[in-house]
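Undergrad: Please work out how this folds:
(2 chains)
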Amino acid sequence: MAATPSPAELRRIAEAQGVTPTDEDLEAVRAFLQILLPAFAELERRFPLEASGR
Amino acid sequence: MTLAELARALRAGELSPREAVERYLRRIEALDPVVNAYITVRAEEALAEADALLSHERGPLWGVPVAVKDVIDVAGTRTTAASRILADHVAAEDSHVVARLRQAGAVLLGKLNQHEFAYGALSTSPHFGPVSNPWSPERISGGSSGGNGAAVAAGLAAGTLGTDTAGSIRIPSCHCGATGLRPSSGRVSNRGVVPVAPTFDTVGPVARTAEDCALLLGAVAGHDPGDPSSLDEPVSPYGELLGGGVGELRVGVVTSLLEGAHPPVAAAVEEAVGVLGSLGAEVTPVEVPLLEQAGTIQQAMQFPEATAVHLERLRTRLPDYSSDVRARLLVGLFLPPGVEETGRRARAAARDEMRRLFERVDLLAAPTMPVLPPRIGSESVELDGRETLYRLALIPYNSPWSLVGAPVVSLPCGFVEGLPVGLALVGPPLGEATVLAAAHAYQQATDWHERRPALATRDEGRAAPR
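TA: Model prediction:
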């Protein structure tokens, strides 16, 4: 979950949702994801689904 | 003159609604070319609305000229959200809050500049130009409600309404020396407001004083059956409760946020907390559970929510967004499945923890922002001797309170390098009356909220009221 996808992988995911970003857009997105994905992975470890009881 | 003072003068017949509007229009003409707080000035409409008020019942805001952020619909006026995409979008109806302002007798002066789509804290829209901080025009005013903070500081409206998703009322209030309140989630209707992330979005006042904020909140708070997020809970008489003081209150000082702030900013906030103590508050240091994780938890929901709001436009109008907003909105396309649900579980845990904390204290106190505003064009600030991205520095100071839907007021509490510093007072959900009463008590004992930037006073002779 924490690895940042390559620009090519990001482009594939975006186009599958009907969005066509530029190379610059994908670089900017990767800068966000490099911070966010490890943080979200840690959040998932701290608040796992099975422990919530919801 | 504060909004409350102007409202009293209008009711007493010391000036007419038209005279009040004309005076603000003169100030806008003189000062807004420097500040750029307005996207649309409704000069002719406001004058006509002011004249029409003469045959109306005199509500609490009768004849008071106010302005709203340009995500809030005013019928017949464009709502641009400081974007190219909505540049020509004219609202068909008033938003709920504008309808409520009109019921209270307010006159709508215009629509305020902001960060594009309210998704950022710089208020430097490439489509409508940056908002300048009246205290130092080469610096940002904060955001996303940057036009609100700047308009209040420069005296370009008696009061304003902004919106806050992750700090967008508090940040510009802090940087511009204004008083701003993010109300509890659901306290004020969002109907007719361009959304950012619907489970966090909140409309609230930015004005000169806590008393002004109480008047504005009293006008717009309450249940709206047309907004599913609106709470059906009684509205307190905020103005009548302002005199409650802080003598009976337990104030928890968030020590980790003080320690993380630029030292002169922390010193000003510590001094402000000392004033609350001298007024009778019982001040104790506290640690806030999940404080470090709060930003991540909010982002786990905010990114997907914002992307969902904009998805159709991302498909068809992507090049028309500015680059920073485009990147933030695209992020939501790439998050692993389950992130948003994890965020919801974590938010529920944070709310439980905060509920327990508010059994031990009545209010929390912290710096609104840890840093001074950067110069326009810069996105970084120096903190603890290191260059830090401004957008990252603000998160721990704002997200913890947005996450749990708590009311927060930011009020001026000092100056560093000639720029205002803000004290944040946080209450439990629906604790607006306590938060505003504490802010009012502080403002009765200090005069930071009365300070004016040089820019706002230089044309005073021909542009009163200030």
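
Undergrad: buried stuff in stretch B:59-76?
TA: The neighbour-count check on stretch B:59-76 (16 or more other C-beta atoms under 10 Å in any protein chain shown) flags B:59-74 as buried. All C-beta spots, glycine's among them, are computed from the backbone N, C-alpha and C.

Undergrad: gap between the two ends of that stretch?
TA: 23 Å (C-alpha to C-alpha, to the nearest Å).

Undergrad: What is the neighbour count of the residue of chain B found nearest chain A?
TA: With C-beta to the nearest C-beta as the measure, B:A327 is the residue of chain B nearest to chain A, at 3.7 Å. Here the count is done by other C-beta atoms under 10 Å in any protein chain shown, and B:A327 has 20 residues near it.

Undergrad: swap in B:A437?
TA: For B:A437, the neighbour count with other C-beta under 10 Å is 24.

Undergrad: Check the secondary structure at it for me.
TA: In the three-state summary, B:A437 is assigned as helix, counting by DSSP: H, G, I helix; E, B strand; the rest coil.

Undergrad: Check B:V269 too.
TA: Following three-state DSSP, B:V269 is assigned to helix.

Undergrad: Against B:P400, how distant is it?
TA: Taking C-beta to C-beta, to the nearest Å as the measure, B:V269 and B:P400 are separated by 16 Å.

Undergrad: likewise B:L86?
TA: As for B:L86, its distance to B:P400 is 31 Å (criterion: C-beta to C-beta).

Undergrad: the more surrounded of the two?
TA: Applying other C-beta under 10 Å to B:L86 and B:P400 shows that B:P400 carries more neighbours, namely 28 against 20.

Undergrad: For B:L403, give its distance to B:T160.
TA: Between B:L403 and B:T160 the computed distance is 25 Å (C-beta to C-beta).

Undergrad: which residue is nearest the centroid of chain B?
TA: If you average the C-alpha coordinates of chain B and look for the closest C-alpha using C-alpha atoms, centre = their mean, you land on B:I169, 1.9 Å from that point.

Undergrad: buried residues in stretch B:447-462?
TA: Residues of stretch B:447-462 classed as buried under the neighbour-count rule (16+ other C-beta under 10 Å) are B:W448, B:H449, B:R452, B:P453, B:L455, B:A456, B:D459.

Undergrad: Helix, strand or coil: sort out the closest residue to B:E382 other than its chain neighbours for me.
TA: The spatially closest residue to B:E382, leaving aside those adjacent along the chain, is B:T388, at 7.2 Å (C-beta to C-beta, 6 or more residues apart in numbering or on different chains). Under the three-state scheme (three-state DSSP), the conformation of B:T388 reads as strand.

Undergrad: pretty sure B:T388 contacts B:S380?
TA: Yes. With contact defined as C-beta atoms under 8 Å, B:T388 and B:S380 form a contacting pair (6.2 Å).

Undergrad: Touching both of those two, which residues are there?
TA: With contacts taken as C-beta atoms under 8 Å, 6 or more residues apart in numbering or on different chains, not a single residue reaches both B:T388 and B:S380.

Undergrad: Report the backbone C-alpha coordinates of stretch B:424-442 in PDB.
TA: Included here for stretch B:424-442 are C-alpha records, laid out as PDB according to Å, rounded to 0.1, in the frame of the first residue of the first chain:
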ATOM      1  CA  ALA B 424      -7.300  29.600  18.900                       C
ATOM      2  CA  LEU B 425     -10.000  28.700  21.500                       C
ATOM      3  CA  VAL B 426     -11.700  25.400  20.900                       C
ATOM      4  CA  GLY B 427     -14.900  24.200  22.500                       C
ATOM      5  CA  PRO B 428     -16.800  21.000  22.400                       C
ATOM      6  CA  PRO B 429     -19.300  20.500  19.500                       C
ATOM      7  CA  LEU B 430     -22.100  23.000  19.800                       C
ATOM      8  CA  GLY B 431     -20.100  25.000  22.400                       C
ATOM      9  CA  GLU B 432     -20.100  28.200  20.300                       C
ATOM     10  CA  ALA B 433     -21.600  30.300  23.200                       C
ATOM     11  CA  THR B 434     -18.700  29.300  25.500                       C
ATOM     12  CA  VAL B 435     -16.100  29.900  22.900                       C
ATOM     13  CA  LEU B 436     -17.400  33.300  22.000                       C
ATOM     14  CA  ALA B 437     -17.900  34.400  25.600                       C
ATOM     15  CA  ALA B 438     -14.300  33.500  26.400                       C
ATOM     16  CA  ALA B 439     -13.100  35.400  23.300                       C
ATOM     17  CA  HIS B 440     -15.200  38.400  24.200                       C
ATOM     18  CA  ALA B 441     -13.800  38.400  27.800                       C
ATOM     19  CA  TYR B 442     -10.300  38.400  26.300                       C
END
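
Undergrad: Now do it, average pLDDT.
TA: Regarding stretch B:424-442, the rounded mean pLDDT is 98.

Undergrad: for stretch B:231-242, same thing?
TA: Mean pLDDT, taken over the full extent of stretch B:231-242, equals 97.

Undergrad: do the same with stretch B:9-26
TA: Across stretch B:9-26, the per-residue pLDDT values average to 98.

Undergrad: what comes up buried for it?
TA: Residues of stretch B:9-26 classed as buried under the neighbour-count rule (16+ other C-beta under 10 Å) are B:A9, B:L10, B:P17, B:R18, B:A20, B:V21, B:E22, B:R23, B:Y24, B:L25.

Undergrad: For the stretch 201-350 of chain B, which residues are neighbours of chain A?
TA: Counting by C-beta under 8 Å from any C-beta of the partner chain, the residues of the stretch 201-350 of chain B close to chain A are B:293, B:296-297, B:299-300, B:303, B:311, B:314-315, B:318, B:323-324, B:326-328, B:330-331, B:333-336, B:338-339, B:341-343, B:345-346, B:348-349.

Undergrad: between the buried residues of stretch B:59-76, which is nearest A:D23?
TA: For those, the minimum distance to A:D23 (C-beta to C-beta) is 30.7 Å, reached by B:V71.

Undergrad: And the pLDDT at residue 53?
TA: I went with chain A, as the question did not name one. In the prediction, the pLDDT value recorded for A:G53 is 47.

Undergrad: wrong one, I was asking about chain B
TA: So B:L53 comes in at 97 (pLDDT).

Undergrad: Please name the residues that touch the closest residue to it other than its chain neighbours.
TA: Taking C-beta to C-beta, 6+ apart, and ignoring the residues beside it in sequence, B:L53 has B:P17 as its nearest neighbour in space, at 4.9 Å. Residues counted as contacts of B:P17 (C-beta under 8 Å, 6+ apart) are B:L10, B:A50, B:D51, B:L53, B:L54, B:W62, B:G63, B:V107.

Undergrad: Quick check: the nearest residue in space to B:S123 that is not next to it in sequence vs B:K111, distance?
TA: Across the structure, with C-beta to C-beta, 6+ apart as the measure, the residue nearest B:S123 apart from its sequence neighbours is B:G146 (2.6 Å). With distances defined as C-beta to C-beta, the gap from B:G146 to B:K111 amounts to 13 Å.

Undergrad: Thanks a lot, catch you later.
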